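K.L.:
I'd like to go over a predicted model; first the sequence, then the structure.
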Amino acid sequence: MYPKLSDLINDIFGTNINLPIQSYGFMVALAFLCGIWILYLELKRKQKEQFIPVFKTKVTTGLPASKMEIISSAIVGFILAWKGVEAIFDYSFFADNPQEFLFSLKGNISAGLVVGALSGFYTWYAKNKAKLSKPIESEREISMLQISSNILMLAAVFGLLGAKIFDTVEHLDDFMADPLGTLFSFSGLTFYGGLICGSAAALIYAYRKKIPMLVLLESAAPAIMLAYGVGRIGCQISGDGCWGIVNDHPKPEWLAFLPDWAWAFNFPHNVINEGVLIPDCCGSNCHVLDQPVYPTSLYESSLAFLFFIILWCIRKVVKPEGMLFGIFLMMNGITRFLIEGIRVNIKYDFLGMSLTQAQIIALCLFVAGIAFSIWTYYRWRKSHPKVSKK
């Protein structure tokens, strides 16, 4: 396993560098970038087909710097220098414990005050230099890339909060034992919490920007599926605990083409230090599972990429507006329900069945996907009577 990006680089190239970039966090960031790009392509296409209006906003140029702009600039400059300079002087601690460093009070106060003051002064100077005696108000078109990035940024922030909240509710004992450590750890994140809260934030933004809800949902379906697949690669690479139950079964002959680790894997050097110590291992991640398990993150990534390709190929064929999102909900519900059957998770009694939190939500999403698809189909038929008759 490669808890940090530098672990992967060192293994491939035989180097000995130490970067403060966790592989899971890197893949999550890459997942959001992929999602932004796919959403941008779809929204741009929808705008060309006149499903989405052209966005315009009023911009005023020639105004002097406001107090809030100066203060904000000074605060940002202070924080960046306060942490950045200290990270350079204490690089080994920063590289080994990036989260602990960022959320600690460690920092260079002197550098922060100097850079903060310079940043605030530069904001005041630059704005006042461009100040006009009579400010000009004009109307500018907002790019679809900006709209896409705004939507994904909101979904990312509220998605992470939702993922953490859902995971905390599911593991209250861990939270009570270490509240701060649990809240600021990125190892415990629930996908469905992120999906629900992130989607809600994106839909509220779309409503305020007058983006048709169904158009946004169907445009986001392939983007979410691709982002999910990329993000799950981070789980697999880092070994963050999202693995399956013990798998001591021999690999079936029909899967002989797969490497053994794709069938059963013991996740050496996993990021959460689960398992037994690896002999003669040096470093902070020296544990390996004593029994091999199903690498469920790999399976989820593979299915997510497959379903992304399907969604991408049928996006222009599926005519009812919004139905693509219903198909996405059904695909996701099937995938997660099946994968959860071989994952390690807390189970609850639900309608006489023993299911995990994710399986319960997956069932609800599958049913919602069917209902949503039926509703969008009949809605489309009512607005296209001639096409439906053919």
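P.N.:
Thanks, I have the structure now.
K.L.:
going by C-alpha atoms from here, please, whenever you check contacts or count neighbours.
P.N.:
Noted.
K.L.:
residue farthest from the centroid of this structure?
P.N.:
Ser133 (45.6 Å; CA atoms, centre = their mean).
K.L.:
next one: it from Leu63, what distance?
P.N.:
Ser133 is 9 Å from Leu63, where distance means CA to CA, to the nearest Å.
K.L.:
go on, Trp124?
P.N.:
The value you get for Trp124 to Leu63, if CA to CA is used, is 11 Å.
K.L.:
between those two, which one's more packed in?
P.N.:
Taking neighbours as other CA atoms under 10 Å, Trp124 and Leu63 compare with Trp124 leading, 19 against 16.
K.L.:
just the buried residues of stretch 70-88, please?
P.N.:
70-87 (16 or more other CA atoms under 10 Å).
K.L.:
would you mind identifying the next helix or strand past the worst-scoring helix or strand of the chain on mean pLDDT?
P.N.:
None of the helices or strands of the chain scores lower by mean pLDDT, DSSP states H and E than helix 179-183, at a mean of 55. Per DSSP states H and E, helix 179-183 leads on to helix 191-208 as the next helix or strand towards the C-terminus.
K.L.:
correct me if wrong, but the residue farthest from the centre of the chain is in a helix.
P.N.:
No. Assigned with DSSP: H, G, I helix; E, B strand; the rest coil, Ser133 falls outside any helix and is coil.
K.L.:
contacts only, for it.
P.N.:
Each residue near Ser133 by CA atoms under 8 Å, 6 or more residues apart in numbering is listed here: Gly62.
K.L.:
which residue comes closest to Ser238 once chain neighbours are left out?
P.N.:
Computed as CA to CA, 6 or more residues apart in numbering, the closest residue to Ser238 that is not its neighbour in sequence is Pro3, at 4.4 Å.
K.L.:
should've said Ile346
P.N.:
Nearest non-adjacent residue to Ile346, counting by CA to CA, 6+ apart: Thr356, 5.8 Å away.
K.L.:
touching, the residue nearest to Ser238 and Pro20? I think so.
P.N.:
No. Pro3 is not in contact with Pro20 according to CA atoms under 8 Å; the separation is 10.5 Å.
K.L.:
more neighbours: the two, which one.
P.N.:
When Pro3 and Pro20 are compared for neighbours, Pro3 comes out ahead with 25 against 18, by other CA under 10 Å.
K.L.:
could I get the CA-only coordinates of stretch 349-356 as CSV?
P.N.:
Taking C-alpha atoms only, stretch 349-356 is exported to CSV below (Å, rounded to 0.1, in the frame of the first residue of the first chain):
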residue,chain,number,x,y,z
ASP,A,349,-32.3,-4.9,11.3
PHE,A,350,-34.3,-3.4,8.5
LEU,A,351,-37.7,-5.0,7.3
GLY,A,352,-36.6,-8.3,8.7
MET,A,353,-33.2,-8.2,7.0
SER,A,354,-29.7,-7.7,8.4
LEU,A,355,-28.3,-4.8,6.3
THR,A,356,-25.6,-2.2,6.6
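K.L.:
so how far is it from its chain's centroid?
P.N.:
When distances are taken as CA atoms, centre = their mean, to the nearest Å, stretch 349-356 is centred 28 Å away from the chain's centroid.
K.L.:
what residues sit buried inside it?
P.N.:
Leu355, Thr356.
K.L.:
let me see the mean pLDDT of it.
P.N.:
Averaged across stretch 349-356, the pLDDT comes to 75.
K.L.:
ok, residues contacting that stretch?
P.N.:
Glu340, Asn345, Ile346, Lys347, Tyr348, Ile360.
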